[in-house]
Structure formats: C-alpha cells, structure tokens
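> need the 3D shape of this:
(one chain, ligands or ions: 2)
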Amino acid sequence: MAVKNLYTCGPTVYDNAHIGNLRAYIIADVYYRSLIARGEAVKWVMNITDVDDKTIAGALRQSGTAAGIEELRKYTAHFSELFFLDLESIGVKLSDINFILVTDVIPQIQSFIIELIDKGYAYQAADGSTYFSIEKYQQDFGDYGALVGDRFLEGKKLGARVSSDEYSKDELSDFVLWKAHQPTEGNIYWDHPKLGLGRPGWHIECSVINRVAFGETPTDIHTGGVDLIFPHHTNEIAQSQPIYKPFVRQWHHSEHLLVDGRKMSKSIGNVYRLNELKDKGHDPLAYRYLLLTAHYKSTVNFTWEALGGAQAAYDKLAAFIQESEGAGPVDTRYQTEFYNLIADDLNTPRALALVWQLIKDDKLSSAVKKATLLEFDKVLGLGLSDLKPLEIPPEVRALVTTREEARQAQDWAKSDALRDQIRSLGYEVKDTEGGQKVIKA
Ligand code: AMP
Ligand code: ZN
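Residues are numbered from 1 along each chain as shown. Ligands and ions are numbered 1, 2, ... in the order given. Predicted coordinates:
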C-alpha cells in the first residue's frame, strides 16, 4: 500500500505555544487519525522552526550577545519540550509525528538554494542575502499566488525585495532564502562558499524538509493555519516547483481561534496558554472537545463560558465511559454514519452530535454504546480509552449486590434503605434498564 505523506507546518520555538496555535495541530491530528482509521499508512512530518528572528533574539537575550548555534539550540530545546508536553496533553501522540529541526538540515537547505540559483530562480543581492525571483518564477510557471486567488498578481509590481519573513499581500516582494549574517545576530550563522555567512529565511525550510522527508514525490496533504496561505505556503510552492511539481496535492488550512473577534496572537497580546486553562481547572481535552464542536474551516471565538460548557459536556462523556461496564460489539450503523461524517471534510460538529445521539439511544446497551464511542474516539482523540473505570470500594460493591438481591425479592423498603446507605458513603446508585449503575455522588 502506498504511504500517504502528511506535512504540518510546525511551531516557532521562541515561547510557549498559545491555544490558538494548538488548534492547528489538533485539526491536523484529527485529519491524521481519520486517515489511519480508514486503513491508510501515513508518514506525518512536522518541522520545528528553531532559527528565525525571534529565536535568535531570545538566545541572545538568554546567553549574551556572543551567543552561537549551541546557545540557540539550548534556548529553543526548552520551548520544543514545552510544545511536546502541550501536544501530549491535547491528545496528540508524539510517536505519530516525525519532527525535524531546521538547524538539523542546514546543508540540505544550502544545496536547495544553490539549485535554485543554478536554475535562475534565485540571486544574491548587493546586501549579501539571496532572494527568490518571483518574476522568473512567473515567466516559467505563471501561477505565483494561486493559493490566494487566480488573479493574485494582477496590478502588483514585481521586483521589490523583503528580508523579513512575515509581510502582507500588499508588500509582494522577492523574499529572502539565505539571510546574510548581521553583527546583531551574535555568532549565530552558518557558512557556505557561495552563499556566504548567514542563515535561512523562514519559508525555505518547509520546502527543504518536504524533500528531505518524502523525496521528490508530491506531498499528499500539507496542513497549517489560514494565516500561512500567504506568504508562507505561497512561497513554499514557488521554491519547490522549479525542482519538482506538483509540490503538494492537497492543502488543508484551518481557521483561527479568535478572542473578542480578533485572531489570538502574540503580537496582539490576547493569548492564553494551556497552563492557564489547567490552572483554572480545565482539562486540555475539554479544550480539544470545544474545538471539535466547530468545523475546522470556521473561526472559533474563545470564551471561558464556552470552555466551561465544553468541560461539562466532556465530563459527562467521560463519566458515561467510566460508568459503563464491559464493552460490547461496536454498532455498525453508528460506525458507518460516523465515518461518513468524518469523510465529509471532517464534519466534527455533526460527529459530536452523533456521539450524544448514541449515548441517548435507548435501543442499545451501554456496553455497545461504550464500544462504539471508543471506536469514534480513535478519530476524535479525546482520550476516552485512557479513562480508568470508576474505582468503587468493595464495601459499596457489597451493598450494591445486596440491594440487587432485595430488588429481585421486591423488597423495596430494604432497597431504598440500601440506597441511602450507599449515598452516605459518597456514591449514587441509579436503576437503569441494564441494571444498577453506580456513580460518584
Ligand atoms: P507559528 O508558531 O506562529 O508559526 O504558528 C504555528 C501554527 O499556529 C500555524 O499553523 C499558524 O497558522 C497557527 N496559528 C497561529 N495563530 C492561530 C490562531 N489564533 N488560531 C489558529 N491557529 C493559529
Ligand atoms: Zn511551513
């Protein structure tokens, strides 16, 4: 079976990720899980941006103005570690992902840029940096900016240059591939006989890491947040297509998490971290649940009320799993419906509605419901199979058994008295069609 190549643009490790960033990875994870659930073999790769303006500035702040590559890597390793912990808490298994650090592929980046120079798509400017020529690309391919829209270049002037990694659509410019070393960047640089002392720009890393990871076969799915469409993904396509085409078969962009109607972002300062959610008593998986209530192509406005609601729903779901004994066969009708919804462009809101329909379905035993939910959770990733069954103390269990006998004998007074006794030990017993159910009071 052919392996599907999945690539996700990863974080810049200069700070803790915020929960907006985490949305992009939760969506990618649901996508990955959906492929695995339908029997695909998938190779999932994510870059870690450990060299850019912000990581360099951080390393210099931490280790002084003479900081070199070693100090940079020490600085970024800390934030990578925090990122990995966040991923684990939100239900993304680290073992599913092949992480590649940018500073581990510098020679491959250099030779990729040299190939672009040799083919005429890149040039060294008077400032010593090497830039990508949009004009040359446009002459040969004619589709620069197609990811933004068909007529992206209309009315725009080519030929200006930009050396910062992030810029707006109005500042369309030849972008930097190899940034000449500046004294303000301490000793953080790599050398190359043709490119000179310097370090990579942001966009080139993803083109190179795709080739390093997958060879020159098109990447099947490439994911990221919508803010990456321009310039990042637009530039990735331009850099790669002179070498192999198509670069990517399918782009998968997830919408933003907002706060008061504005994108959650460090530059605005309206960010929350996962730890803040935990400190307020929320489970990171309840945050994942909250995101799944919306389609990935819709924005989600983050509020504490919404998170509280998601937490309550998540707790109910978790309690249902913990209180259901055994696990019967999966209900195939629900299973088919669930996978149809997921195949319909990851319709997680309707998939979650199906979860509740299943839980409320009187025709199914709780063992079947539990098994079916655990099947759904292979894609939803809410950690339901890791939940431990409710620990019921032996004395409570004994009272429940005695109460069962009393009920069989239709001794309702004794049954009620036993219920009170069980309640006094902190447990609630419910009489359901499937027998008695015990939960924490
Ligand atoms: P960065 O670390 O800034 O490169 O961003 C990492 C990922 O987070 C990218 O896929 C971004 O598109 C995504 N991202 C950034 N801000 C948000 C947000 N507010 N909501 C959803 N995704 C975001
Ligand atoms: Zn990228």
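
> and Lys430, how far is that from Glu171?
Separation of Lys430 from Glu171 (CB to CB, to the nearest Å): 63 Å. C-beta here means a position set from N, CA and C on the backbone, and glycine is covered the same way.

> low-confidence regions, the stretch 201-350 of the chain specifically.
Across the stretch 201-350 of the chain, not a single residue meets the criterion (pLDDT under 70).

> which parts of the protein sit against ligand 1?
With CB under 6 Å from any ligand atom as the criterion, the chain meets ligand 1 at residues 9, 11-12, 20-21, 23-24, 224-225, 227-228, 256-257, 263-265.

> let's see 8 Å
8-12, 17-18, 20-25, 49, 223-228, 254-258, 263-266 (CB under 8 Å from any ligand atom).

> which ones among those also lie next to ligand 2?
The subset of the residues of the chain next to ligand 1 within reach of ligand 2, by CB under 5 Å from the ion, is Cys9.

> which ones among the residues of the chain next to ligand 1 lie within helices?
The helices, defined by DSSP state H, take in 20-25 from the residues of the chain next to ligand 1.

> closest to Trp190 out of those?
Comparing those against Trp190 with CB to CB places Asn21 closest, at 27.2 Å.

> what about that closest one, neighbour count?
Using other CB atoms under 10 Å, the number of residues around Asn21 comes to 23.

> isn't it right up against Gly10?
No - with contact defined as CB atoms under 8 Å, Asn21 does not reach Gly10; the gap is 9.6 Å.

> if we can go back for a sec, can you tell me which of the residues of the chain next to ligand 1 are in strands?
Among the residues of the chain next to ligand 1, the ones falling in strands (DSSP state E) are 8, 223-225, 254, 257-258, 263.

> any chance of the residues you listed in CSV with distance to Asp104 and neighbour count as columns?
Converted to CSV, these look like this (distance: CB to CB, whole Å; neighbours: other CB atoms under 10 Å):
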residue, distance to Asp104, neighbour count
Thr8, 17, 23
Thr223, 21, 25
Gly224, 21, 23
Gly225, 24, 21
Ser254, 27, 26
Leu257, 30, 26
Leu258, 35, 17
Lys263, 31, 17
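
> which of those sit farthest apart?
Pairwise over those, using CB to CB, the maximum falls at Thr8 and Leu258, 21.4 Å.

> circling back: and which of the ones in strands among the residues of the chain next to ligand 1 is nearest ligand 2?
Using CB to the ion, Gly224 is the member of those that lies nearest ligand 2, at 6.2 Å.

> residue in the stretch 301-441 of the chain nearest to ligand 1?
Across the stretch 301-441 of the chain, the shortest distance to ligand 1 (CB to the nearest ligand atom) belongs to Phe302, at 8.8 Å.

> need the contact list for that residue.
19-20, 257-259, 264, 272 (CB atoms under 8 Å, 6 or more residues apart in numbering).

> rebuild these as a markdown table, extending it with distance to Glu81.
Below are the contacts of Phe302 laid out as a markdown table (distance: CB to CB, whole Å):
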| residue | distance to Glu81 |
| --- | --- |
| Ile19 | 18 |
| Gly20 | 20 |
| Leu257 | 23 |
| Leu258 | 28 |
| Val259 | 26 |
| Met264 | 22 |
| Tyr272 | 20 |
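
> apply the buried test to those residues and list what passes.
Applying 16 or more other CB atoms under 10 Å to the contacts of Phe302, the neighbour count classes 19-20, 257-259, 264, 272 as buried.

> what is the residue in the stretch 101-250 of the chain that ligand 1 sits nearest to paired to in the beta sheet?
Residue nearest to ligand 1 within the stretch 101-250 of the chain (CB to the nearest ligand atom): Gly225, separated by 2.0 Å. Residues in a beta bridge with Gly225, per DSSP bridges, are Ser254.

> does it touch Trp251 like I think?
No - counting by CB under 8 Å, no contact exists between Gly225 and Trp251, whose distance comes to 11.6 Å.

> which one of the contacts of Phe302 is nearest to Thr401?
Nearest to Thr401 among the contacts of Phe302: Ile19, at 45.8 Å, using CB to CB.

> for Val271, see how far away the closest one is.
When CB to CB is the yardstick, Ile19 and Val271 sit 8 Å from each other.

> so does stretch 164-177 get close to ligand 2?
No - Stretch 164-177 lies apart from ligand 2 when judged by CB under 5 Å from the ion; the minimum separation is 10.8 Å.

> that older thread, Leu277 versus the residue of the stretch 101-250 of the chain closest to ligand 1, what's the distance?
19 Å.

> ok, now which ones touch the residue of the stretch 201-350 of the chain found nearest ligand 2?
Among the residues of the stretch 201-350 of the chain, Cys206 lies nearest to ligand 2; the distance is 3.2 Å by CB to the ion. Cys206 sits next to 7, 9, 47, 232, 236 when contact means CB under 8 Å, 6+ apart.

> hang on, the first one packs against Thr223?
Think Tyr7. Yes - distance between Tyr7 and Thr223: 7.2 Å, which falls inside the contact criterion (CB under 8 Å).

> what touches both of Ile19 and Val271?
Overlap of the contact sets of Ile19 and Val271 (by CB under 8 Å, 6+ apart) consists of Met264.

> picking up where we left off before, which of the ones in helices among the residues of the chain next to ligand 1 sits closest to ligand 1?
When those are ranked by distance to ligand 1 (CB to the nearest ligand atom), Gly20 comes first, at 2.7 Å.

> quick one: contacts for the closest residue to the closest one other than its chain neighbours?
Once its chain neighbours are removed from consideration, Gly20 has its nearest residue in Met264; the separation is 3.5 Å (CB to CB, 6 or more residues apart in numbering). Counting by CB under 8 Å, 6+ apart, Met264 touches 18-20, 256-258, 270-272, 302.

> got it, and Thr234?
Applying CB under 8 Å, 6+ apart, the residues near Thr234 are 144-145, 147-148.

> can you pull the pLDDT of the nearest residue to Tyr25 once chain neighbours are set aside?
Nearest non-adjacent residue to Tyr25, counting by CB to CB, 6+ apart: Val92, 5.9 Å away. In this prediction, Val92 carries a pLDDT score of 98.
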